[in-house]
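# sequence first, predicted coordinates after that:
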Amino acid sequence: MLTQIYEISTPEEASALSAISVDHIGVLVGDGQFPRELPISAASKIGAAIVPPSKFSALFLTRDLSLIASWARELNPAIVHLGASAELLSPQDVASLKRMLPGIVVMRSIPVFSEESVAIAQSYVGIADFLLLDSYRSTDKQIGALGVTHDWNISRRIVDLVRVPVVLAGGLGPDNVAGAIRTVRPAGVDSKTKTDQDGSHAKDLERVRRFHEAARAAADNRFPSA
């Protein structure tokens, strides 16, 4: 069971999460179009502090493929995570990006809001290497970062029907991640808001540790109640 934690904002946090053995350490990067995006210089320092086997995941909320490609070449993350809303960044756009960056691993956020989400996920078969299933608000230009859960039954249908590894996100924390894993059976789980310090976007390392351990324990039990 992969564990993924966002948004890491300092090298010290990156080092601490590596010590916990978090698999994917996520950094929000960009040119300031969205709140809390880190510039390339800061993101580079965080990426350098990530200790293998933990991997650097760079999250881009922009639809600007040239910016994504340029920054990805400079940052060289293990994963390029694309979080723009579905109507702003199409499967064809993602395929074009992969041609621009041969060999790159792409994670594509999928908005989970109705049965239409299953079709959106299916459109990335053969293109995306991972799908991140996240909660969504129709007025947003990005997917996720809402801190609320969505209908896990839809996410389970995506897991069952779409042949791309799924990372489940959306309001997950130490207290509900085991239930989410039992219901959805994803390849991995993601947490941002529920592993933050109260009133802050800095990470609560004890919450991260509890999240990571709960996820691994639920996976070891092989989803007995699902």
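On my side now, so go ahead.

# who touches residue 79 in this structure?
If you count contacts by Cβ atoms under 8 Å, 6 or more residues apart in numbering, residue 79 has them with 24, 55-58, 105-107, 129-130. Glycine gets a C-beta too; all of them are placed from N, C-alpha and C.

# which residue, other than its chain neighbours, is closest to it?
residue 57 (4.1 Å; Cβ to Cβ, 6 or more residues apart in numbering).

# now that neighbour: phi and psi?
Here is the backbone geometry of residue 57 (degrees, to the nearest 10): phi -110, psi 120.

# roughly how far apart are the residue nearest to residue 195 when sequence neighbours are not counted and residue 45?
The shortest distance from residue 195 to any non-neighbouring residue, by Cβ to Cβ, 6+ apart, is to residue 207 (4.4 Å). Applying Cβ to Cβ, to the nearest Å, the value for residue 207 to residue 45 is 24 Å.

# try residue 39
Distance of residue 39 to residue 45, given as Cβ to Cβ: 10 Å.

# residue 138 too?
Distance of residue 138 to residue 45, computed by Cβ to Cβ: 36 Å.

# same question for residue 217.
Distance of residue 217 to residue 45, computed by Cβ to Cβ: 33 Å.

# ok, now residue 122?
38 Å.

# thinking again about what came up before, who's more crowded, residue 207 and residue 45?
Neighbours around residue 207 and residue 45, counted as other Cβ atoms under 10 Å, are more numerous at residue 207. The numbers are 19 against 14.

# residues in contact with the more buried one?
173-174, 194-196.

# what helix or strand is it located in?
Using DSSP states H and E, residue 207 maps to helix 205-220.

# tell me which residues in that helix are buried?
For helix 205-220, burial by neighbour count (16 or more other Cβ atoms under 10 Å) applies to 207-212, 214-216, 218-219.

# still on that earlier bit, how close does the residue nearest to residue 195 sit to residue 44?
Residue 207 is 27 Å from residue 44, by Cβ to Cβ.

# for residue 167, helix, strand, or coil?
When classified by DSSP: H, G, I helix; E, B strand; the rest coil, residue 167 comes out as strand.

# give me the nearest residue to it, chain neighbours excluded.
residue 188 (4.1 Å).

# what about the one you found, how many residues nearby?
If we define neighbours as other Cβ under 10 Å, then residue 188 has 21 of them.

# cool, and residue 176?
Applying other Cβ under 10 Å, I find that residue 176 has 16 neighbouring residues.

# isn't it right next to residue 149, touching?
Yes - contact status for residue 176 versus residue 149: in contact at 7.3 Å, counting by Cβ atoms under 8 Å.

# can you tell me the element the closest residue in space to residue 193 that isn't next to it in sequence falls in?
Once flanking residues are discounted, residue 193 sits nearest to residue 147: 3.5 Å by Cβ to Cβ, 6+ apart. Per DSSP H and E: residue 147 is located in neither a helix nor a strand.

# what's near enough to touch residue 147?
Here residue 147 is in contact with 171, 192-194 (Cβ under 8 Å, 6+ apart).

# now for these: which two are most distant?
Using Cβ to Cβ, the contacts of residue 147 reach their maximum pairwise distance at 171 and 192, which is 9.3 Å.

# using CSV, list the CA coordinates for the helix or strand in which residue 133 is found.
In the assignment (DSSP H and E), residue 133 maps to strand 130-134. Taking C-alpha atoms only, strand 130-134 is exported to CSV below (Å, rounded to 0.1, in the frame of the first residue of the first chain):
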residue,chain,number,x,y,z
PHE,A,130,-1.4,6.6,-11.8
LEU,A,131,-4.8,8.0,-11.2
LEU,A,132,-5.4,10.1,-8.1
LEU,A,133,-9.1,10.0,-7.1
ASP,A,134,-10.1,13.2,-5.3
